[in-house]
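Trainee: just to be clear, the model below is a prediction. Sequence and coordinates:
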Amino acid sequence: MDFGTIVEILDSAVRLGTPLLLACLAGLFSERAGIFDIGLEGKMLMAAFFSGAVAAVTGSAWLGLLAGVGGSMSLAMVHGLASITFRGNQLISGVAVNFLASGFTVLIAQSWFQQGGRTPQLSGHARFEPITLPGASAVKDVPVIGPLYSNLISGHTILVYVAFAMVPLTWWVLFRTRFGLRLRAVGENPESVDTAGVSVIRLRYTAVAITGVLAGLAGTYLATGLAAGFVKEMTAGRGYIALAALIFAKWRPVPALGATMLFGLLEAISNRYPNIDLGVVTLPIQFMQAVPYILTVVILAGFIGKAIPPRAGGQPYVKER
Amino acid sequence: MVDVQANEAGRQATAALATQAPAIELKGISKAFGTVQANKDISIRVMPGTIHGIIGENGAGKSTLMSILYGFYKADAGEIWIKGQRTQIPDSQAAISAGIGMVFQHFKLVQNFTVLENIILGAEDGALLRPSLAKARKELKRLAEEYELNVDPDELIEELSVGHQQRVEILKALYRQADILILDEPTGVLTPAEADHLFRILDNLRKEGKTIILITHKLREIMEITDTVSVMRRGEMTATVKTAETSPEQLAELMVGRKVLLNVTKTPAQPGKTVLEVENLRVVDEDRVERLKGINLTIRAGEILGIAGVAGNGQSELLEVLGGFAKGTGTIRINGEEIDLTGKHSDGQSRRRRGISHVPEDRHHLGLILDFAAWENMIFGYHKDAAYQKNAFIMDNAGIVKHTQEAMERFDVRPPIPTLPAKSFSGGNQQKIVLAREIERSPALLLVGQPTRGVDIGAIEFIHKRIVELRDEGAAILLVSVELDEIRSLSDRIAVMFDGQIMGERLPEETDEKELGLMMAGVVN
């Protein structure tokens, strides 16, 4: 394996890890505020569809982005309404969101475009184009640094850079701002926030809205950056993998980057080497494709360290006394 | 001439005091939940710089009243006046800005935040944390010096003892400039030493002119620290008196509406044959700390052995081993028969079959399932008894409900409704349910841990009476309590535990609080 191949795999890992990273950070905001969200999958799917559809019709990726975020946000608000205002079961609400998105997107796609539940192929400005960073072509031939900069770091769409910028930003918001302090507190012990005279409901809705925006970016990236248009079930369980990564990262933003990139790397490897020959046995393509999902199960089963979720997670807040 | 002037000055001072507005005045506060009148036309005046006690049985409406004052509930009728101003308190924010701080019975702290983060939560100065934290750190240092409220600002709450967590709650209120502090059952979770420290803090706060409302059902605390005291009973304020002019007996009578005997009347014990023999019992916990270091004791039929001691000196472990849910080494014999201590051949159920009943220290976790109905709770541990089965597959639910109804009436559980979940009963009534379940089996040995913790006075009297009755029926009773008064009035013999060992045994009539206190501190052997 030469250096160029490694850079290519890493480059692919970044692309594949980006939607996971955005979704993972989306889940982080919600769960840190005490609202479990297994509906990330549905929100991404909704965003993928609306961004794909609007980009196809208008020819503008940016309008697609707006529509994608809007679609994701509408589902986020459904989840918020069910789990914050009506104090419903957050898991059931999340499952409902996933089913809703899964059926709704295909149905509307078929009704609008008649292409078997997909949106038309996107091209040109309807997609987010790779951005070539300044100097990328100039340093291309410099050994080591050249390929790293021009292939791995440069040449991604704006959403990839946004996703990576979100990591320090999320960290800063969570741990350095008043909003972050209150957000974390409301996920740990909402009573402490309530007795301090701060609205639990408003805080949780804000968190769920941020989740909507970030999951919307993730879905939009799938349809307009990674692929060229929406296809049925195109999220393929990424919402759940993002959740596993969130647990793996113990609800912290910087480890979330590592966890999602690990999943991205696994996917990149299985795309590049469908069959891995270990001498004794050859790992079949099915196995390699299953690896991210196997890792998800392993993480969710709690094999990797002790992950303590936010203490008030999953519990609707009922004011007592 | 000089005298006249002095008199004049004195009169002016008195006049000023008389016209000084009360820190808090409630006028005709009423609040109903459905058909239950939690507060009925309550009026109190609390003068600044005083400690005012509110005492009453569980469910008397004390906490409801304070929740109204802190903006959790809206009163149906009545007025709140703060420092001479009529004040509306629709939410906690309004209460905070009116200068009211509340220390809840169950702390409202974020466990994995630092002390400092908890203090500023909700009272930050701007969108960024750094300046707020720096300011709070400085302020905390000042408060710590002023009021003996020392807490490490960078420690996580979960690392702190309960007493320190409570200090954080007080600091939170002071940081928000509260000059009226409400404490709801503050000593319920504290060790005696921590409670003493709390009272010193409260005294300091009073000296600085803060007004304190102390809600409790412990008469001793009222007598020790308050200036004035109000008594609540069934949602009504039955009396407000100066503490110096009242007595515990009078307050107790006002609370329950009849005379209560704080001392248990019992005949001398008539001990029979030995029921429980414990020899060289040792328990090592999961952190490999030796919790019981060779306990020897015996209890005979018809006597009560009281275990006195500061909480955490091995009493809980002793109960757990005897009750069959902790492992130990050594020998325990019941009526001469050895019982298994390894946990391999025994559990709580097999202990019960041997005639050991257990009223656990923590009734919420070990004694009851709070979400289950009273009738279900009434048979836990005995649910396999033939009497509760209709046939091989089906339990006789109707029979159990009927049995529970009768037991509830015998034990004066209020309300006597078997279908109500355990959590809807007050602490005293929950305890009566546990007691009814365990006592009515006429056990050979009854283990009782903290039988009256969080229980109101009327129920305490009842519970004590039933324990003595069981003794007179010939049961051996092991009583563990941190309340020395309880140990002294109930026990026929008193053993004092300290650091996993029995420091010695005394007869209640031949010892006093001072000697027991020294033994509890590990001083006298």
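Mentor: Now that the structure is in, tell me what you want to look at. Here the structure is a predicted model, which is why all the values come from computation and not from measurement. Residues are numbered from 1 along each chain as shown, chains lettered A, B, ... in the order given.
Trainee: how about the residue in the stretch 1-150 of chain B positioned nearest to chain A: what's its closest non-neighbour residue?
Mentor: Residue of the stretch 1-150 of chain B nearest chain A, by CB to the nearest CB: B:G122 (2.6 Å). Quick note: C-beta positions are derived from backbone N, CA and C, even for glycine. The shortest distance from B:G122 to any residue other than its chain neighbours is 2.6 Å, reached at A:A196 (CB to CB, 6 or more residues apart in numbering or on different chains).
Trainee: again with B:L190
Mentor: The shortest distance from B:L190 to any non-neighbouring residue, by CB to CB, 6+ apart, is to B:G163 (5.5 Å).
Trainee: list the contacts for whichever residue of the stretch 301-450 of chain B sits closest to chain A?
Mentor: Nearest to chain A, among the residues of the stretch 301-450 of chain B, is B:K423, at 11.7 Å (CB to the nearest CB). Remark: with contacts taken as CB atoms under 8 Å, 6 or more residues apart in numbering or on different chains, B:K423 is in contact with B:L370, B:D371.
Trainee: in stretch B:245-256, which residues are buried?
Mentor: B:T246, B:L251, B:A252, B:E253, B:L254, B:M255, B:V256 (16 or more other CB atoms under 10 Å in any protein chain shown).
Trainee: and the fourth one, how far from chain A?
Mentor: To tie it back to what came earlier, the one meant is B:E253. 29 Å (CB to the nearest CB, to the nearest Å).
Trainee: helix or strand for that residue, just tell me which one.
Mentor: Using DSSP states H and E, B:E253 sits in helix B:248-256.
Trainee: and the helix or strand following that helix, what does it pack onto?
Mentor: Counting by DSSP H and E, the element after helix B:248-256 in chain order, helix or strand, is strand B:274-284. Secondary-structure packing of strand B:274-284 (3 or more CB pairs under 8 Å, 6 or more residues apart in numbering or on different chains; DSSP states H and E): strand B:290-300, helix B:315-323, strand B:329-334, strand B:476-480.
Trainee: quick check: which of the ones you listed is buried the most?
Mentor: strand B:476-480 (a mean of 26; mean count of other CB atoms under 10 Å in any protein chain shown).
Trainee: which of the residues in the following helix or strand past that one are buried?
Mentor: Heading C-terminal from strand B:476-480, the first helix or strand you meet, by DSSP H and E, is helix B:484-490. Neighbour-count burial for helix B:484-490 flags B:L484, B:E486, B:I487, B:R488, B:S489, B:L490 (criterion: 16+ other CB under 10 Å).
Trainee: stretch A:104-120 now?
Mentor: Under 16+ other CB under 10 Å, the buried positions of stretch A:104-120 are A:F104, A:T105, A:V106, A:A109, A:F113, A:G117, A:R118, A:T119, A:P120.
Trainee: now do the contacts for the third one.
Mentor: The contact partners of A:V106, taken as CB under 8 Å, 6+ apart, are A:G117, A:K232, A:E233.
Trainee: what about residue 44, how many residues nearby?
Mentor: Using chain A. The number of residues packed near A:M44 is 37, by other CB atoms under 10 Å in any protein chain shown.
Trainee: switch to chain B, please.
Mentor: Using other CB under 10 Å, B:I44 has 19 neighbouring residues.
Trainee: now do the one 5 residues further on
Mentor: Applying the criterion other CB under 10 Å, we find 17 residues in the vicinity of B:G49.
Trainee: tell me the domain ranges of chain B?
Mentor: Using automatic domain parsing, the domain parsing of chain B gives B:21-256, B:274-369+B:444-520.
Trainee: want to try JSON lines for these, with mean pLDDT as columns?
Mentor: JSON lines is the format used below for the domains of chain B (pLDDT from 0 to 100):
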{"stretch": "domain B:21-256", "mean pLDDT": "89"}
{"stretch": "domain B:274-369+B:444-520", "mean pLDDT": "89"}
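Trainee: dump the ones you listed into a markdown table; add distance to A:A96 as well.
Mentor: Shown next, in a markdown table, are those (distance: least, CB to CB, whole Å):
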| stretch | distance to A:A96 |
| --- | --- |
| domain B:21-256 | 31 |
| domain B:274-369+B:444-520 | 31 |
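Trainee: sorry, back to before: got the phi/psi numbers for the residue of the stretch 301-450 of chain B closest to chain A?
Mentor: Per-residue torsions, B:K423: phi -70, psi -20 (degrees, to the nearest 10).
Trainee: what residues does the stretch 1-150 of chain B put near chain A?
Mentor: The stretch 1-150 of chain B has residues B:63-64, B:67, B:70, B:72-73, B:91-96, B:102, B:104, B:108-113, B:117-118, B:120-124, B:126-130, B:132 near chain A, with proximity defined as CB under 8 Å from any CB of the partner chain.
Trainee: those strands in the stretch 51-200 of chain B, which residues are they?
Mentor: Counting by DSSP state E, counting those that start in this stretch, the stretch 51-200 of chain B has strands at residues B:51-56, B:77-82, B:85-86, B:100-103, B:180-184.
Trainee: could those strands be laid out in CSV, adding mean neighbour count?
Mentor: Formatted as CSV, the strands of the stretch 51-200 of chain B follow (neighbours: other CB atoms under 10 Å in any protein chain shown):
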stretch, mean neighbour count
strand B:51-56, 26
strand B:77-82, 17
strand B:85-86, 10
strand B:100-103, 25
strand B:180-184, 23
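Trainee: okay, those strands in TSV with distance to B:A407 next?
Mentor: Output for those, formatted as TSV (distance: least, CB to CB, whole Å):
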stretch	distance to B:A407
strand B:51-56	27
strand B:77-82	40
strand B:85-86	50
strand B:100-103	38
strand B:180-184	32
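Trainee: how about the strands of chain A, start to end?
Mentor: A:276-277, A:282-283 (DSSP state E).
Trainee: the first one pairs with which strands?
Mentor: I take that to be strand A:276-277. strand A:282-283 (antiparallel) (DSSP bridges).
Trainee: same question for the partner strand, mean pLDDT?
Mentor: Taken as a whole, strand A:282-283 has a mean pLDDT of 80.
Trainee: also stretch A:104-111?
Mentor: Stretch A:104-111 carries an average pLDDT of 94.
Trainee: re the thing from before, single out the most deeply packed of the strands of chain A.
Mentor: Among those, strand A:282-283 has the highest mean neighbour count (mean count of other CB under 10 Å), at a mean of 13.
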